[in-house]
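J.: 3D model of this:
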Amino acid sequence: MRRWHVLLIFIVLLGSWLAHWPLSPCQDINMLVVNKTLPDNDFREHRAIFWIAEHRRFSKPDGSFYRAEKDFLGYHPASGKKETLTFSDLADLDLLYLADSYGIYDYPEGFELYEAKLPFEIQDIKLLYGGLSLEEVKAVEEFALKENKVIIGEHNIFGYPTYLDPEASLRLQALFAVGYTGWLARYYSDLNQVAFWLKKSYEELYGKKWDLSGPGLVFVHEEVPSLGWRSDLVIITADELTGPWPVINTDTDRLAGKTFRNIPYLYWVEVLEVLPGAEVLAYYDLPLADEARTALNKRGLPERFPAMVHYNPSGAARRFYFAGDFADQLPALLTPRLAGSARVQRLMSYLPGFPNEYRFYFQWYEPVLTSILHQAAGE
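T.: Numbering: from 1, shown residues only. As a prediction, the model looks like this:
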């Protein structure tokens, strides 16, 4: 076969593959993403949701695709608009996604410089907007009474600043059939990069200077006197770990029809209790040596705790809760408007040296969220 024949066949096959995405049918879904945390214009706290929805061809009722820069409720950096959730926003929805409510702050020297200085000094910042108010929670509760609807929530909608109103936080927890213990956990590739306020807390609690570096886990108990919480810390260093990092595992194939094993997740997670009627679909597993287990057990902390909780009360909305900041992802490497884009990036994520964030994004979050979107669309 001549060389140009081979090239022609390749072009035809590639063109057929590329054309497959726009020729595939769309699935209408009326969804609303709530995100009150946008310190800049990269929309990182929710852009992964919109990439997945577009790639899997979930469209608005008018046939257009959702856009990360405008199709959400919360804080809009370009205009400075600060929105409040009301029941009228939820009236005709199929799916409500409460993605983040940490909020917007006044950073005297700008957000980038604040982030750069975070491990080295305590900085005063002022909350300008954020949290879910009791009235907003009541609107979500009313929506949750509707059958054949879906609600997704994720870290940190129970935490600061929502828990400044304890009733709002507790009612929201009850809606998802979970209890937030006040404990947060995170893996660090270098413990010296933790926030300076955390280092100071360590020095106050343990009476010694922070001199930790290298990989490790940090457990932080938040200080919220109105909820009876007091500051506490548990630091687990590399010599107390039996594996490279924490992972998310599932014990059932009911999650997107698959059993996910050993998927790294290396950002903030909440330690939750699960209330009667709910089920854990995925767990956060820690590779702990005996010494680390003992340190956690002294605080009543488990070495395995929920990463994803499902609650499906009869005659009401189905609820999913992600105990981590799951929608906060690196930008996808390929356009969503390419057939097989998610599959290609999933394969790429197995390559040595590839960021672990992409492993989580395409090996876990993308198939799981796609499955939930199908459910919300009535399939």
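J.: ok, Ala332 touching Val344?
T.: No. Assessed by C-beta atoms under 8 Å, Ala332 is found out of contact with Val344, at 10.5 Å. Where you see a C-beta, it was placed from the backbone N, CA and C, and this is true even at glycine.
J.: who has more neighbours out of these two?
T.: The residue with more neighbours, out of Ala332 and Val344, is Ala332; 19 against 14, by other C-beta atoms under 10 Å.
J.: which residues touch the closest residue to that one other than its chain neighbours?
T.: Nearest residue to Ala332 in three dimensions, chain neighbours excluded: Trp51, at 5.0 Å (C-beta to C-beta, 6 or more residues apart in numbering). Residues near Trp51 by C-beta atoms under 8 Å, 6 or more residues apart in numbering: 68, 332, 336.
J.: ditto for Glu115
T.: Contacts of Glu115 by C-beta under 8 Å, 6+ apart: none found.
J.: tell me the first helix or strand C-terminal of the helix or strand where it lies.
T.: Per DSSP states H and E: Glu115 is located in helix 111-117. Later in the chain than helix 111-117, the nearest helix or strand by DSSP H and E is strand 126-129.
J.: in its sheet, what does that next one sit against?
T.: Applying DSSP bridges, strand 126-129 is found paired with strand 104-106 (antiparallel).
J.: need the contact partners of the strand it pairs with.
T.: Applying C-beta under 8 Å, 6+ apart, the external contacts of strand 104-106 come out as 36-39, 75, 82, 125-130.
J.: just the buried ones from those?
T.: By neighbour count, with 16 or more other C-beta atoms under 10 Å, the contacts of strand 104-106 hold 36-39, 75, 129-130 as buried.
J.: of those, closest to Trp245?
T.: Thr37 (24.8 Å; C-beta to C-beta).
J.: show the contacting residues for that closest one.
T.: 45, 74-75, 100-104, 130.
J.: what comes up buried for stretch 211-231?
T.: For stretch 211-231, burial by neighbour count (16+ other C-beta under 10 Å) applies to 212, 215-222, 224, 229.
J.: filter those residues down to the ones in strands?
T.: In this view, the buried residues of stretch 211-231 that belong to strands under DSSP state E are 216-221.
J.: low-confidence ranges, the stretch 51-200 of the chain, go.
T.: The stretch 51-200 of the chain contains no residues with pLDDT under 70.
J.: which stretches in it count as strands?
T.: Secondary structure of the stretch 51-200 of the chain (DSSP state E, counting those that start in this stretch): strands located at 58-59, 73-76, 81-82, 95-100, 104-106, 126-129, 150-154, 178-188.
J.: kindly compare burial across those and name the winner.
T.: strand 95-100 (a mean of 25; mean count of other C-beta atoms under 10 Å).
J.: so what touches that one?
T.: 29-37, 45-46, 49, 72, 90, 132, 140, 143, 149-154, 156-157, 325, 327-328, 372-373, 376.
J.: pretty sure Phe87 contacts Glu142?
T.: Yes. Between Phe87 and Glu142 there is a contact under C-beta under 8 Å: 5.5 Å.
J.: please say which of those two ends up with more neighbours.
T.: Phe87 (14 against 11).
J.: look up how far Gly207 lies from that one.
T.: Distance of Phe87 to Gly207, given as C-beta to C-beta, to the nearest Å: 51 Å.
J.: kindly report the same for Ala282.
T.: Distance, Ala282 to Gly207, by C-beta to C-beta: 38 Å.
J.: hey, where'd the helices end up in this protein?
T.: Here the chain has its helices, by DSSP state H, at 3-23, 47-55, 87-90, 111-117, 134-144, 166-175, 196-206, 290-298, 341-348, 356-360, 366-376.
J.: pipe those helices into CSV and attach distance to Glu270 per row.
T.: Shown next, in CSV, are those (distance: least, C-beta to C-beta, whole Å):
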stretch, distance to Glu270
helix 3-23, 36
helix 47-55, 19
helix 87-90, 24
helix 111-117, 22
helix 134-144, 17
helix 166-175, 10
helix 196-206, 17
helix 290-298, 15
helix 341-348, 27
helix 356-360, 16
helix 366-376, 18
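J.: what's the closest of those to Arg186?
T.: Closest to Arg186 of the helices of the chain is helix 196-206 (C-beta to C-beta; 9.9 Å).
J.: and that closest one, what does it pack against?
T.: strand 216-221, strand 232-237 (3 or more C-beta pairs under 8 Å, 6 or more residues apart in numbering; DSSP states H and E).
J.: quick one on the thing from earlier: deepest of the helices of the chain, which one?
T.: Per-stretch averages of neighbours, counted by mean count of other C-beta under 10 Å, single out helix 47-55 among the helices of the chain, with a mean of 23.
J.: angle of that one against strand 150-154?
T.: 150 degrees (axes from the mean of the first three to the mean of the last three C-alpha atoms, to 10 degrees).
J.: now helix 47-55 against strand 95-100, angle please.
T.: Using the same axes, to 10 degrees, helix 47-55 lies at 150 degrees relative to strand 95-100.
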